[in-house]
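Asks: Task: produce atomic coordinates for the following.
(chains A, B, C and D)
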Number of protein chains: 4
Amino acid sequence: MLICIVYDSVHGHTKKQAEAIAEGISRVPGAEARLVSVADGDIPWETLAASDGIVFGSPTFNGSVSSRLKKFMEDATRPAWLPLAWRNKVAAGFTNSGAMHGDKLNSLVTLALFAAQHGMIWVGLDLFPGRSAEEPNRIGGWLGAMAQSDDVAPELSPIASDLATAAHLGQRVAEIAARLGASA
Amino acid sequence: MLICIVYDSVHGHTKKQAEAIAEGISRVPGAEARLVSVADGDIPWETLAASDGIVFGSPTFNGSVSSRLKKFMEDATRPAWLPLAWRNKVAAGFTNSGAMHGDKLNSLVTLALFAAQHGMIWVGLDLFPGRSAEEPNRIGGWLGAMAQSDDVAPELSPIASDLATAAHLGQRVAEIAARLGASA
Amino acid sequence: MLICIVYDSVHGHTKKQAEAIAEGISRVPGAEARLVSVADGDIPWETLAASDGIVFGSPTFNGSVSSRLKKFMEDATRPAWLPLAWRNKVAAGFTNSGAMHGDKLNSLVTLALFAAQHGMIWVGLDLFPGRSAEEPNRIGGWLGAMAQSDDVAPELSPIASDLATAAHLGQRVAEIAARLGASA
Amino acid sequence: MLICIVYDSVHGHTKKQAEAIAEGISRVPGAEARLVSVADGDIPWETLAASDGIVFGSPTFNGSVSSRLKKFMEDATRPAWLPLAWRNKVAAGFTNSGAMHGDKLNSLVTLALFAAQHGMIWVGLDLFPGRSAEEPNRIGGWLGAMAQSDDVAPELSPIASDLATAAHLGQRVAEIAARLGASA
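Replies: Numbers count the residues shown, from 1 in each chain, chains lettered A, B, ... in the order given. So this is what the prediction gives:
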């Protein structure tokens, strides 16, 4: 089972979140994670079409996904949307911003709408809000995994609880994909 | 397999949509649909907890779900959210309004956020936008099933294509629930 | 000049935010604030129609405004929407929830859509995100004033910076209303 | 008084909408409209900073603004957001898509969040939903002006009522900007 993680990261903080998603996926026996950075250029459309699920991630800039991630969404029209190549695949999303709230929700809604247009099945978090900064889902979101990053090196931020939140989502995506795939 | 449809309807138009969802569910062998109107009073929380999926529906009033449907969402906190009784169930949504656009999207987003908070798995439409008023998804939404109703009797509105859209979503929810249940 | 604050509050935390909005309004010479709790029953529709601006506030429950605030929105159709009685009045919004993010944005979007349907003019925050928990806009929102409350007495939560954020919005609403009114 | 219209258009349909906004602005004595296409490259940041209002427009692709319009939003951070150069200017938005609904609302919400982050004042439509395809606001939106375009030449689509809706919004923006400016 293959789960791809299509993400954008400018300063490396969202990349840390993407790697945490991958780590969570790899906890599920038989599940493999592949990271796809939209900044790297060529998108492996055939790999995405052959995958069992795709997790989309982006920094939240100005209350929405990055223009580079948006460009990926537009480029997907011909190879993925017209043939509905991602139909019934599992989808999920994650985002990161400097502010605690930062209108992150609008990025996740934007990703969920994109996934819905592709006929994908959306998996969010099954976590209560963290009661402290050390607990997963400290920020308190459910549609996807949220992180907050200070203007420091990615080694320092986002903090462990945000990465644990992302890893939890990755594991959950793989578990649901496994259930859907087993019955296909 | 049981799929519940929890809905509000004031003038009967959204009820027509709910019945179309039920008809779509019943197309799937082994799937049973149960309609739950929030206006009827007692909510069958145990039936909802025992179901395989829940489809939520509401008219869009003032750009969001009705206050009665919202009240149901709040009342679900104790019986459903705290024990995460709906975790991993399939969820979907539908809405109806007098205007063609009518900010219906905000109602569906509100329902999807509610479902995500409950740890549910969201299923939208896998339909291209209809190319005429006679085709399913003539309105062009994906997060859920949209309908538009004129100020006439529910027998006349919403029109057949909107009801076909709802039925398609109901069938799809049952199919995905069957796949998830088969592997549980 | 009169600015009304129409709000719901169940446990008193959002009421604290409403009072902070009122305090901010009163900083502007000639501006008077009137608090209207939707739980008190009769809505003073004529006062609202005679006001220069209305600020709407609600707790965020399940990722949207409370059912009681939503009921107010629906009840406004006949006295306010049909005659467009609030057209060109200034509008703003605030919300409070237990989680830091808590999908508060969806409540503010819901309020902004409601105000837009009434032909109102929406005023948000002109504040950079706070760099610490002591600074205004510590949560990082712009469409309106956000607060986060712990499950303690309203005297203790929301904290001072969230109330300062609300007061700033109140002052801003009164300032913009004064400018619009001066030229009417 | 100067109102700028910053827009993206790929096939020319959204450009028609932008031109209708400009026509509406020009109906107000003393108001001048300037069209700024983000595809033309250099953005006139100083003109935008000197303007009295900015209307943002984009096609809705995949349920959000175009990547080129999003790129403009990101590029505005240094010249406009950091100095809050657009604070208290009037803002508005418009969008166009092939489908009737097409998740256009999410594009308008994205633009409104962007404007709020810049401390701008948001003006929507004060129009009831059109009762026929010939009437303004036939689509039924309020946060901004919506249009629907078929896959034909821009001379044929969007239709006259959608352009009238856009023109109405342009006129309204200029009127509100005049009132705000007169009292500044």
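
Asks: and chain A, which residues reach chain D?
Replies: A:61-68, A:70-71, A:73-74, A:76-77, A:103, A:106, A:109-110, A:113-114, A:117 (CB under 8 Å from any CB of the partner chain). No exception for glycine: its C-beta is placed from N, CA and C like everyone else's.

Asks: Looking at those residues, which are in strands?
Replies: Secondary structure defined by DSSP state E assigns A:61, A:64-65 of these to strands.

Asks: Residue A:138 is in contact with residue A:164, isn't it?
Replies: No - taking CB atoms under 8 Å as the definition, residue A:138 is not a contact partner of residue A:164, at 9.4 Å.

Asks: Between these two, which is the more surrounded one?
Replies: residue A:138 (25 against 21; other CB atoms under 10 Å in any protein chain shown).

Asks: Show the model's pLDDT score for the more buried one.
Replies: On the pLDDT scale, residue A:138 is placed at 96.

Asks: again with residue A:41
Replies: 83.

Asks: Just give me the neighbour total for it.
Replies: 6.

Asks: right, and residue A:170 touches residue A:54 too?
Replies: No - counting by CB under 8 Å, residue A:54 is not a contact partner of residue A:170; they are 12.0 Å apart.

Asks: Now do the helices in chain A.
Replies: Under the criterion DSSP state H, helices of chain A are mapped to A:13-26, A:45-50, A:67-75, A:104-117, A:160-182.

Asks: Need the residues touching each of residue A:170 and residue A:54.
Replies: A:3, A:5 (CB atoms under 8 Å, 6 or more residues apart in numbering or on different chains).

Asks: higher neighbour count, these two?
Replies: residue A:170 (31 against 27).

Asks: quick one, what contacts that one?
Replies: By CB under 8 Å, 6+ apart, the neighbours of residue A:170 are A:3, A:5, A:20-25, A:27, A:33, A:55.

Asks: how does it look with 10 Å?
Replies: A:3, A:5, A:17-28, A:31, A:33, A:53, A:55, A:92, A:94, A:145 (CB atoms under 10 Å, 6 or more residues apart in numbering or on different chains).

Asks: I'd guessed residue A:163 sits against residue A:147; true?
Replies: Yes - using CB atoms under 10 Å, residue A:163 is in contact with residue A:147, at 7.5 Å.

Asks: Residues of chain A that sit close to chain C?
Replies: A:63, A:97-106, A:108-109, A:128-131, A:133, A:137-143, A:146, A:148, A:150-151 (CB under 10 Å from any CB of the partner chain).

Asks: For PyMOL, what selects the buried ones among those?
Replies: Buried members of the residues of chain A next to chain C, defined by 16 or more other CB atoms under 10 Å in any protein chain shown, are picked up in PyMOL with:
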select buried, chain A and resi 63+97+98+99+100+101+102+103+104+105+106+108+109+128+129+130+137+138+139+140+141+142+143+146+148
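
Asks: Return the subset of the residues of chain A next to chain C lying in strands.
Replies: Filtering these for strands - DSSP E - leaves A:97, A:146, A:148.

Asks: Closest to residue A:49 out of the residues you listed?
Replies: For those, the residue nearest residue A:49 by CB to CB is residue A:146; the value is 28.5 Å.

Asks: Give me the nearest residue to that closest one, chain neighbours excluded.
Replies: Nearest residue to residue A:146 in three dimensions, chain neighbours excluded: residue A:139, at 4.4 Å (CB to CB, 6 or more residues apart in numbering or on different chains).

Asks: what's near enough to touch the one you found?
Replies: Residue A:139 neighbours (CB under 10 Å, 6+ apart): A:97, A:100-102, A:104, A:129-130, A:133, A:145-148, A:158, A:161-162, A:165, C:99-102.

Asks: hmm, try it at 7 Å
Replies: A:100, A:146, A:148, C:100-101 (CB atoms under 7 Å, 6 or more residues apart in numbering or on different chains).

Asks: Likewise for residue A:54?
Replies: Counting by CB under 7 Å, 6+ apart, residue A:54 touches A:4, A:6, A:48, A:86, A:89, A:91.

Asks: any idea how far the fifth one lies from residue A:55?
Replies: Put plainly, it is residue A:89. 11 Å (CB to CB, to the nearest Å).
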